[in-house]
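Participant: Compute the structure for the input listed below.
(one chain, ligands or ions: 1)
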Amino acid sequence: MTKQNVIVSDKKSGLNMSITMAMSKSSILTMTAQKPGGYISFSTTELLKNLEINGEGRINAWVESMRASSPTHIKSTPSLADHDRRSSWTVSHPSALDMFEQIIDASKGKQIVMFLDYDGTLSPIVDDPDKAFMSDAMRQTVRKLAGCFPTAIVSGRCRDKVYSFVRLAELYYAGSHGMDIKGPAKGSKYKKGSRAVLFQPASEFLPMIDEVYKHLVEKTKSTPGAKVENNKFCVSVHFRRVEEKKWNELFQQVKSVLKEYPELRLTQGRKVLEIRPTIKWDKGKALEFLLESLGFANCSDVFPVYIGDDRTDEDAFKILREKGQGFGILVSKFPKETCASYSLQEPDEVRDFLQRLVQWKRPSVLGGQSKV
Ligand SMILES: O=P(O)(O)OC[C@H]1O[C@H](O[C@H]2O[C@H](CO)[C@@H](O)[C@H](O)[C@H]2O)[C@H](O)[C@@H](O)[C@@H]1O
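Facilitator: Numbers count the residues shown, from 1 in each chain. Got it, this is the predicted structure:
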């Protein structure tokens with residue numbers, strides 16, 4: 001049995017949907033959609049009913065998934081089963097802080113390369129996406145980290161926007177879910193050769209994304225709280241501030257716009273619907289591209305560490321797992337199905353972990369000892 005992210009095309013509505021499916025050799029067995037406590041599953045019959053037969057069901061599957069990822073659905077008093085799941089998850093995905101020594105041991109003799117997601121990893125999740133500021137303390141830590149290891153920010157946001165939050169010129173940035181990659185303006189001390197890195201595999205979609213952004217703004221303005229964000233090569237429709245009873249309406253609005261754009265697909269993040277080109281490019285591909293740009297293609301002496309909190313980060317975790325190189329760290333307070341090896345609960349813990357890496361590499365930088 002394997003888990004696969006697949007794009008399901010719904011001919012009736014013209015929508016392309018990205019769904020995680022558990023597959024046997026011959027057939028699709030279950031479809032899963034993420035929720036804070038893990039994944040909700042749909043059987044094959046339900047899946048087909050939802051996707052091909054019942055128009056109402058198709059929408060319900062999406063809205064159900066939107067609902068399941070809502071913190072209002074987190075139980076205030078966890079059951080014994082929740083507790084057991086949490087314990088077994090922490091065994092399979094231990095804290096990267098607790099496992100620090102083992103992690104460092106595994107990296108011995110290899111070049112560590114750091115990949116950091118932004119929202120929910122370097123900055124806490126907040127209601128207003130324009131106010132997702134990173135703390136000065138986190139900025140300082142990331143600056144020191146970049147002095148020790150090649151470091152890249154990999155975000156769903158537009159590259160300029162994420163740069164305006166991070167404001168560190170020495171980093172690599174991969175915006176728009178990896179579809180807009182740029183190296184440090186002054187070149188990098190880690191990179192062999194002096195050619196600047198700039199890669200935009202979805203540039204032909206720019207006019208279409210602009211157009212769909214305008215349509216979405218117009219279409220969703222009747223839904224209070226909805227916010228459409230232009231991320232250059234992709235668009236986000238936020239529903240964090242939309243009343244739950246309006247989610248169905250919002251989804252219908254988005255769907256009605258997207259049916260005119262079969263070249264775009266719809267995925268879901270943390271209280272956000274994401275619209276992006278159907279090209280085979282994601283954060284995992286961006287990670288591979290960056291490793292290659294840094295001169296680490298097909299190298300066994302590189303140790304990539306990717307830290308992220310979102311479903312879109314799974315593409316990068318999966319690449320690392322498949323390559324058997326480095327590892328992924330999922331930032332989450334709740335058990336989730338993930339290809340990451342370790343976990344951290346929140347951005348504060350991410351900072352602690354990054355600080356420990358700096359301290360290990362350059363004991364003098366943080367005034368500590370070189371002990372692991
Ligand atoms: O890849 P990331 O850097 O994690 O970006 C993913 C999306 O992050 C932002 O939205 C999320 O954070 C917001 C601020 O905390 C929050 O309000 C929203 O509910 C989250 O989904 C960003 O605004 C999106 O454009 C990114 O795609």
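Participant: For the residue in the chain positioned nearest to the ligand, give its distance to Glu349.
Facilitator: Closest residue of the chain to the ligand, C-beta to the nearest ligand atom: Gly156 (2.7 Å). In this view, the C-beta of every residue, glycine as well, is placed from N, C-alpha and C. Note on Gly156: its distance to Glu349, by C-beta to C-beta, to the nearest Å, is 21 Å.
Participant: Who has more neighbours out of the two?
Facilitator: For Gly156 versus Glu349, neighbours defined as other C-beta atoms under 10 Å are more numerous around Gly156 (27 against 17).
Participant: Flag every buried residue along stretch 307-327.
Facilitator: Neighbour-count burial for stretch 307-327 flags 307-321, 325-327 (criterion: 16 or more other C-beta atoms under 10 Å).
Participant: Same question for stretch 77-95.
Facilitator: Across stretch 77-95, burial judged by 16+ other C-beta under 10 Å covers Asp82, Arg85, Trp89, His93.
Participant: The last one reaches Leu344, doesn't it?
Facilitator: What it means is His93. No: using C-beta atoms under 8 Å, His93 makes no contact with Leu344, being 9.9 Å away.
Participant: Overlap of the contact sets of those two?
Facilitator: Common contacts of His93 and Leu344 (C-beta atoms under 8 Å, 6 or more residues apart in numbering): Leu330.
Participant: still on that earlier bit, which of the buried residues of stretch 77-95 fall within strands?
Facilitator: With strands taken from DSSP state E, there is no overlap with the buried residues of stretch 77-95.
Participant: mind exporting stretch 215-229 as PDB, just the C-alpha atoms?
Facilitator: Listed next in PDB are the C-alpha coordinates belonging to stretch 215-229 (Å, rounded to 0.1, in the frame of the first residue of the first chain):
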ATOM      1  CA  HIS A 215     -12.300  37.300 -10.800                       C
ATOM      2  CA  LEU A 216     -11.900  35.700  -7.300                       C
ATOM      3  CA  VAL A 217     -11.800  39.100  -5.600                       C
ATOM      4  CA  GLU A 218     -15.000  40.100  -7.400                       C
ATOM      5  CA  LYS A 219     -16.800  36.800  -6.900                       C
ATOM      6  CA  THR A 220     -16.000  36.500  -3.200                       C
ATOM      7  CA  LYS A 221     -16.600  40.000  -2.100                       C
ATOM      8  CA  SER A 222     -20.100  39.100  -1.000                       C
ATOM      9  CA  THR A 223     -18.700  36.600   1.500                       C
ATOM     10  CA  PRO A 224     -17.800  38.500   4.700                       C
ATOM     11  CA  GLY A 225     -14.300  37.700   5.900                       C
ATOM     12  CA  ALA A 226     -13.100  36.100   2.700                       C
ATOM     13  CA  LYS A 227      -9.700  37.400   1.600                       C
ATOM     14  CA  VAL A 228      -8.000  36.700  -1.700                       C
ATOM     15  CA  GLU A 229      -4.200  37.000  -1.800                       C
END
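Participant: Can you show me the CA trace of stretch 113-124 as CSV?
Facilitator: What follows is stretch 113-124, C-alpha atoms only, in CSV (Å, rounded to 0.1, in the frame of the first residue of the first chain):
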residue,chain,number,x,y,z
VAL,A,113,21.5,22.6,4.2
MET,A,114,18.5,24.2,5.9
PHE,A,115,15.0,24.7,4.3
LEU,A,116,12.5,26.7,6.3
ASP,A,117,8.8,27.2,5.5
TYR,A,118,7.5,30.6,6.7
ASP,A,119,3.9,30.7,8.0
GLY,A,120,3.3,28.5,11.0
THR,A,121,7.1,27.7,11.1
LEU,A,122,9.0,30.9,11.5
SER,A,123,5.9,33.0,12.3
PRO,A,124,2.9,32.1,14.4
